[in-house]
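S.K.: Just a sequence and a predicted model for now, questions to come.
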Amino acid sequence: MSITSFYFLCFFGIALILYYVIPKKLQWSFLLLFGGAYFLTSTEVTDAGAWYVCIYPLMSVGAVYTAAKVIDRAKEQKIKKTALICAVILCILLLCVLKFFKLPLYAPMGIAFYTLTLLGYLFDVYYEIGPVQTNYAKLLLFGCYFPTMISGPITKYRELEKDLYGGHKFDYRQVSFGMQRMLLGFFKKLVIAERMALVANEVFDHYSDYSGFAIWMGAIAFTFQLYTDFDGCMDIVLGISQCFGIQLPENFNAPFLSVNIQEFWRRWHMTLGTWLKEYLFYPLLRTKFFMELPKKLKEKCGKKRAKQITTFSAMFILWAVIGYWHGGMMTFVIGSGLLHWFYIVSGELLEPVFKKWKAALHITPEQKWFVYFQRLRTFLLVTAGFVFFRSPSVKDAVMFLGQGLKGYSLRFFTDSTVFGLGLDGVELLIALLSLLLFFAVTNLAQKGSVFEWLEKQPVLIRWLILYAALFYVILFGKYGPDFSASEFIYQNFKV
Amino acid sequence: MSREEVFEKLNGVFCEVFDDEDIVIGETTTAEDIEDWDSLEHITLVAAVESEFGVKFSMGQVVTLKNVGEMVDLIMSKLG
C-alpha cells in the first residue's frame, strides 16, 4: 500500500487515535503490530502472494540480535569479532541475493534500508558506543519501524532508543507539526514530482527524437522529479513519525545549494552518507593497508601525492559501494557512484589550475555571482549523473547525453516544442509556480523550521496558508481516480 | 602531562596535518572551524595524534569524538 494512497491515510488516522488511547507502556508493541500489518499490505505480499518475504527481516534481526548479545557478553576479542563477521556476512548476503542478483525471488520492502540500520546498531555495540537491546521484539521494532521501511532514513539505535520505547503523551503541537510536514511532502510528491515525471518520461523514452535544449529540459525535470519525490517522501515519513512522537534524523538539507560535489553529498541522503562514513570509510582508512600506503608511496611521489593516491583509492571503493547499493546495475554504479568519484578526483587534481584562473579573473569565494555559478555547475554535474540513474542502460545514457550536445536551436523557445514535452501550457504554468513555491519554502527552511515560522503568524493567516496549501495539493496533485499516485521512485529503485 | 601540555602538543599536530601554522585550537574547536577538516583528514589527524602521543583509539572513539576538548580528555585518559 502506497503511503500516498487514501487507504493508507485512513489506516494512519485510526492508528494515531488508538496509539494515544492505549497505555503508554503498550505503544511500542502497537507500533510493531501496526508495522507488521503495513508490511503485509506491501505489493510483494498482496500482488505476488510472496508471503515468504516476512521471513527475511525476521532472519536479519535474529542474526543481529544474537550477535550483539554475544559481543556484549564475550570476554575474548576473537569471539566478538567472529560474531560480528558472521552476522554482517549473513545480512549482506541476504541483501545481495535478494536485491542485486537477479534471482526469481521477491525482496521484502525496505531491505536496503533495514539492513544498514541493523548493521549500524551491531557495529555500535561492537565499537562499545551503543547499548545492547536484549528484547528481540524491541529490536525488531527498531529495524522494521514502518515509516523508515519505505525509503529510510537510516536510523541509529543510540539516537532512537529513548523515543522508540519511551511512550508518548499526546502533544498537539508535535502532531500538528507532523501533519503539516506530511502536507508539505504531499505537495512535493504529488504536485511537483508527478508533473516532472511526465516531462522526464517523454524525453527519456523518446530521446532520439529530441536534441539540445529539449534533452536538458528532460534531464533537469528528472533531477527535480527524483529530488522532490525522495525529499517529499522523507517529509511524509518524518511527519508520520513525528505524529507518533518519534523524531527521525533528517535526510536532506537543500542539496542544490551545494557549491561542489562533496558538499552535495553532505546535503543529499545524509543518513546514508553518515552511515558509510562511520561504518565503511573510516574503518577502511584505518586498515593496515591504507595506513601503510601513504608511507610506502611517500618516497616515490612526495607526501602530498601519496596522501592523494591513498584517499582516491579508498574513495573509489566507497563510491563503487554507494553506486552498487542504489541498484546493482552499471547505470547506478556509474551514475550514483563512480561518476561522482570522478568529479571529486578531477576537481581535486585540477585545483591548482582553477586557482590560477580565479586569480587571473580576480574571483574571490565571497562573490555572489560566483557562488551561483558554482551551484549551477554542481547541479548540472549531478543532473548528468542522474541521466544514468534514469536510463535503461549505460549505452542509452551516453547516447542521451550525446543528443544533448547537438541540435541547439533558439526556435525551441519560440515554437511550441516546449508544450509537447508531457505538459501543456496550463500544466507547465502550474509546474513552474509550484517549483517557485518550493524554492521559497526551501529558502525559508534554511533560516529555521517552516512550521515554527507558521506558528508565529496570526491565527487567521496561519489557517489561510494551511487551507490554501491543502486545497492546492488536492486540486493540483496528480493522482489517479483511486487517489493512488505511483510509488516513490527511490522505493522502486531500491527497496 | 598536564592538560595545557597536551593542548600545546596537539596544536602542533593540527598545524602539521592541516599544513597551516596559524591554527589555534581550543576546547570547543570542531571540524566546522577548520576548513580542511573533512572525513579523510579526520582519519589522518587521528593517526597523527596516535603516533605523536603513542596511544591507540578504538573505532568507536574515532566516530564519536565531538570536539578538540573531548580529544584531549581521551588522550589524557589513555596516558594517565
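M.R.: Good, I have the coordinates.

S.K.: Give the buried residues for stretch A:139-150.
M.R.: For stretch A:139-150, burial by neighbour count (16 or more other Cβ atoms under 10 Å in any protein chain shown) applies to A:139-150. Placement of C-beta: from N, CA and C, glycine included.

S.K.: can you count the residues close to residue 37?
M.R.: Let's take chain A. Counted with other Cβ atoms under 10 Å in any protein chain shown, residues neighbouring A:A37 total 13.

S.K.: I was after chain B.
M.R.: When neighbours are counted by other Cβ under 10 Å, B:W37 registers 19.

S.K.: What of A:L338?
M.R.: A:L338 is flanked by 19 other residues according to other Cβ under 10 Å.

S.K.: Let me see the confidence value for the residue of the stretch 151-300 of chain A found nearest chain B.
M.R.: Proximity of the stretch 151-300 of chain A to chain B (Cβ to the nearest Cβ) peaks at A:L285, 4.2 Å away. Model confidence at A:L285, given as pLDDT, is 88.

S.K.: And for the one 10 residues further on?
M.R.: According to the predicted model, the pLDDT of A:K295 comes to 83.

S.K.: residues contacting it?
M.R.: Counting by Cβ atoms under 8 Å, 6 or more residues apart in numbering or on different chains, A:K295 touches A:A306.

S.K.: Ok, A:A254 next?
M.R.: With contacts defined as Cβ under 8 Å, 6+ apart, A:A254 is in contact with A:267, A:442, A:445-446.

S.K.: quick check, nearest of those residues to A:F252?
M.R.: The nearest member of these to A:F252, counting by Cβ to Cβ, is A:R267 at 6.7 Å.

S.K.: Next, find the distance separating that closest one from A:D171.
M.R.: Distance of A:R267 to A:D171, computed by Cβ to Cβ, to the nearest Å: 29 Å.

S.K.: quick one, which of these two is more surrounded?
M.R.: A:R267 (17 against 14).

S.K.: I figured that one hits A:P255, correct?
M.R.: Yes - shown here, A:R267 and A:P255 form a contact pair, counting by Cβ atoms under 8 Å, at 4.1 Å.

S.K.: Chain A contacts on chain B?
M.R.: Within chain B, the positions adjacent to chain A are B:38-40, B:42-44, B:47, B:58-64 by Cβ under 8 Å from any Cβ of the partner chain.

S.K.: Let me see the contact set for A:L160.
M.R.: A:142, A:145, A:246, A:248 are the contacts of A:L160 under Cβ under 8 Å, 6+ apart.

S.K.: can you tell me which of the residues you listed are up against chain B?
M.R.: Among the contacts of A:L160, no residue sits close to chain B (Cβ under 8 Å from any Cβ).

S.K.: in the helix or strand encompassing A:I55, what's buried?
M.R.: Element membership for A:I55 (DSSP states H and E) is helix A:55-73. By neighbour count on 16+ other Cβ under 10 Å, the buried set for helix A:55-73 is A:56-57, A:60-65, A:67-72.

S.K.: okay, among the residues you listed, which ones form the most distant pair?
M.R.: Comparing every pair within the buried residues of helix A:55-73 by Cβ to Cβ identifies A:Y56 and A:D72 as the most remote, at 24.6 Å.

S.K.: Would you point out which residue is most central in chain A?
M.R.: Most central in chain A under Cα atoms, centre = their mean is A:H269, positioned 4.2 Å from the mean C-alpha point.

S.K.: That one touches A:E250, doesn't it?
M.R.: No - counting by Cβ under 8 Å, A:H269 stays clear of A:E250, with 10.6 Å between them.

S.K.: Residues contacting the helix or strand hosting A:L16, please?
M.R.: Element membership of A:L16, judged by DSSP H and E, is helix A:6-21. Applying Cβ under 8 Å, 6+ apart, the contact partners of helix A:6-21 are A:1-2, A:27, A:30-31, A:34, A:38, A:168-170, A:175, A:240, A:243-244, A:482-484.

S.K.: and these, which are buried?
M.R.: Taking 16+ other Cβ under 10 Å as the criterion, what is buried in the contacts of helix A:6-21 is A:1-2, A:27, A:30-31, A:34, A:38, A:168, A:175, A:240, A:243-244, A:483.

S.K.: In chain B, which residue sits nearest chain A?
M.R.: Counting by Cβ to the nearest Cβ, chain B gets nearest chain A through B:G60, at 3.0 Å.

S.K.: The residue lying closest to that residue once chain neighbours are set aside: neighbouring residues, count only.
M.R.: Closest residue to B:G60 apart from its sequence neighbours, by Cβ to Cβ, 6 or more residues apart in numbering or on different chains: A:Y127 at 3.0 Å. A count of nearby residues for A:Y127, using other Cβ under 10 Å, gives 20.

S.K.: Does A:Y127 touch A:R286 like I think?
M.R.: No - under the criterion of Cβ under 8 Å, A:Y127 is not in contact with A:R286, lying 11.6 Å apart.

S.K.: overlap in contacts of the two?
M.R.: Taking Cβ under 8 Å, 6+ apart as the contact rule, A:Y127 and A:R286 both touch B:M59.

S.K.: Read off the pLDDT value for the closest residue to A:V53 other than its chain neighbours.
M.R.: Counting by Cβ to Cβ, 6+ apart, A:V53 lies nearest to A:P108, which is 3.9 Å off, once chain neighbours are set aside. Here, the pLDDT recorded for A:P108 equals 87.

S.K.: Can you classify A:P108 by secondary structure?
M.R.: Counting by DSSP: H, G, I helix; E, B strand; the rest coil, the backbone at A:P108 sits in coil.
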